[in-house]
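K.L.:
Coordinates for the following, if possible.
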Amino acid sequence: MSWFILFLAGLLEVAWAVGLKYTAGFTKPVPTVLTVGAMAASVGLLGLALRQLPLGTAYAVWTGIGTVGTVIFGIMVLNEPASAARVGCIALIVLGIAGLKLLATH
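P.N.:
Numbers count the residues shown, from 1 in each chain. Okay, here's the model as predicted:
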């Protein structure tokens, strides 16, 4: 269950990272409230997952999910570049996340 909670926390990290783009420097009230809410929920779920998971592994997986999800959003929605090198680097992050999960002691 802790891994599922961590995965949800990572998805919420994607949500707040993307939300930052739409807050216009925290000047737009609705995107700001949604972004701050996603931040709080993401960190809260990370804290719950840390009850069972090792800190270093959980934090790396959380930030990795956020990084990969945010880059994918940027490519698919914001038309950011999807060069072979960029996609390769994302693949390395995914491999690192998978490796940390497979090697976790919990």
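
K.L.:
Next up, phi/psi of residue 23, please.
P.N.:
Per-residue torsions, residue 23: phi -80, psi -10 (degrees, to the nearest 10).

K.L.:
quick one: contacts for the residue nearest to the spatial centre of the chain?
P.N.:
Centroid-nearest residue in the chain, with C-alpha atoms, centre = their mean: residue 66, separated by 1.7 Å. Residues in contact with residue 66 (C-beta atoms under 8 Å, 6 or more residues apart in numbering) are 10, 13, 14, 17. No exception for glycine: its C-beta is placed from N, CA and C like everyone else's.

K.L.:
average pLDDT for the longest helix along the chain?
P.N.:
The residue-count maximum for a helix in the chain (DSSP state H) belongs to helix 55-77. Computed over helix 55-77, the mean pLDDT rounds to 95.

K.L.:
try stretch 93-106
P.N.:
Stretch 93-106 shows a mean pLDDT of 84.

K.L.:
Tell me the one of the contacts of residue 66 nearest residue 62?
P.N.:
Nearest to residue 62 among the contacts of residue 66, counting by C-beta to C-beta, is residue 10 at 5.2 Å.

K.L.:
Return the per-residue confidence for the residue of the chain most remote from its centre.
P.N.:
Distance from the C-alpha centroid of the chain, by C-alpha atoms, centre = their mean, peaks at residue 27 (23.5 Å). Reading off the confidence values, residue 27 has pLDDT 97.

K.L.:
Tabulate the contacts of residue 66 (JSON lines), appending pLDDT and neighbour count.
P.N.:
As requested, the contacts of residue 66 are exported to JSON lines (pLDDT from 0 to 100; neighbours: other C-beta atoms under 10 Å):
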{"residue": "10", "pLDDT": "97", "neighbour count": "25"}
{"residue": "13", "pLDDT": "98", "neighbour count": "25"}
{"residue": "14", "pLDDT": "98", "neighbour count": "20"}
{"residue": "17", "pLDDT": "97", "neighbour count": "20"}
